[in-house]
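Enquirer: Based on what follows, work out the 3D shape:
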Amino acid sequence: MPGGRLTQQERQQISLGLADGLAYAEIARRLERPTSTITREVMRNGGPTSYRADLAHRATEHRAHRRKQAAPREPARASGRDDEAVREYEEMFTTLLMQQGLPKMTARVLTCLLTSEAGSVTASELVRRLDVSPASVSKSIAFLDDQGLIRRERETRRRERYRVDDDVWYRSTVASARGTAQLAEVARQGVGVLGRDTAAAARLENIARYSEFMSESMLRAADQVRDILHTKPEADEDAAGPAD
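Expert: Modelled structure (predicted):
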């Protein structure tokens, strides 16, 4: 099985495989590469719909050049994690978040938070780690806070710490459900404005009904999952104690 970095010819084969609708596993089998290698390659270079072999090859060379030039971003990890593998994973996760609709800088900030050992960082730590301006970090933090994806903690009078916790996806789902409910409300207002017997009103009524159902379902599912995930298993007294 070949090792090392992907060649430009292999990237061309990946591009052709994606165009033919092949699964990552099938592309990997044809190239005799691990499926994870193909997944990372595609996700960090635009995803399956935007992947371009030449652009991916140049981007990889550029990243490799920057890593040789740059000083280590963080001290060596006591956990023994492979820094190169961690960086590749962060790039893949950032690309995935971008495909879900997050702006690039916001996706980078959220990935940084999710992969940090402490699950929290300050603005200055984000600036150093991502090598970006304080203004870029501030804008991304404001967006994530508005979406309920982070929690702010005041450390000192002038410094905040930003944290992700076990409730991060719950809060995000609730915020999304509320936005969907607002869509239903506005659509239903349009029914009255346009007249109930019109085709446009019927269209908006369908949007309102769908959005209401989705909002209620999302909130119900989020509460159920939160209860399950946050319920700590109790000790089995029957198993621990003597048999009756």
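
Enquirer: separation between the spatially most central residue of the chain and residue 126?
Expert: By Cα atoms, centre = their mean, the chain has its centre lying nearest to residue 97, at 3.5 Å. To residue 126, residue 97 is 15 Å away according to Cβ to Cβ, to the nearest Å. C-beta here means a position set from N, CA and C on the backbone, and glycine is covered the same way.

Enquirer: what are the phi and psi values for the nearest residue to residue 145 once chain neighbours are set aside?
Expert: In space, residue 145 comes closest to residue 152 once its chain neighbours are excluded; the distance is 6.4 Å by Cβ to Cβ, 6 or more residues apart in numbering. With angles defined as degrees, to the nearest 10, residue 152 sits at phi -90, psi 140.

Enquirer: Kindly report the same for residue 120.
Expert: When quoted as degrees, to the nearest 10, the phi and psi of residue 120 stand at phi -150, psi 150.

Enquirer: Just confirm it contacts residue 164, I think it does.
Expert: Yes: judged on Cβ atoms under 8 Å, residue 120 makes contact with residue 164 at a distance of 7.5 Å.

Enquirer: related to what we said a few turns ago, find the helix or strand that the residue nearest to the centre of the chain is a member of.
Expert: Secondary structure from DSSP states H and E places residue 97 in helix 83-99.

Enquirer: Counting by contacts, list what that helix packs against.
Expert: Judged by 3 or more Cβ pairs under 8 Å, 6 or more residues apart in numbering; DSSP states H and E, helix 83-99 is in contact with helix 35-43, helix 104-115.

Enquirer: Redo these as CSV? Include mean pLDDT.
Expert: Formatted as CSV, the helices and strands packed on helix 83-99 follow (pLDDT from 0 to 100):
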stretch, mean pLDDT
helix 35-43, 85
helix 104-115, 90
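
Enquirer: Could you save those helices as JSON lines and add columns showing distance to residue 217?
Expert: Formatted as JSON lines, those follow (distance: least, Cβ to Cβ, whole Å):
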{"stretch": "helix 35-43", "distance to residue 217": "29"}
{"stretch": "helix 104-115", "distance to residue 217": "25"}
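
Enquirer: Can you lay out the ones you listed as JSON lines showing mean neighbour count and distance to residue 218?
Expert: Below are those laid out as JSON lines (neighbours: other Cβ atoms under 10 Å; distance: least, Cβ to Cβ, whole Å):
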{"stretch": "helix 35-43", "mean neighbour count": "20", "distance to residue 218": "26"}
{"stretch": "helix 104-115", "mean neighbour count": "20", "distance to residue 218": "20"}
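
Enquirer: Could you say which one of those helices comes nearest to residue 22?
Expert: Ranking the helices and strands packed on helix 83-99 by proximity to residue 22 (Cβ to Cβ) places helix 35-43 first, at 9.8 Å.

Enquirer: Just give the number of residues close to residue 208.
Expert: 19 (other Cβ atoms under 10 Å).

Enquirer: quick thing: my sequence starts at 15, can you match it?
Expert: From this message on, residue numbering opens at 15, which makes the last subject residue 222.

Enquirer: In this structure it contacts residue 206, no?
Expert: No: between residue 222 and residue 206 no contact is recorded; they are 11.0 Å apart, counting by Cβ under 8 Å.

Enquirer: To residue 236, which of the helices and strands packed on helix 97-113 lies closest?
Expert: helix 118-129 (18.8 Å).

Enquirer: For residue 16, report the pLDDT, please.
Expert: If you check residue 16, the pLDDT there is 54.

Enquirer: Looks to me like residue 135 is in a strand.
Expert: Yes: the assignment for residue 135 (DSSP: H, G, I helix; E, B strand; the rest coil) places it in a strand.
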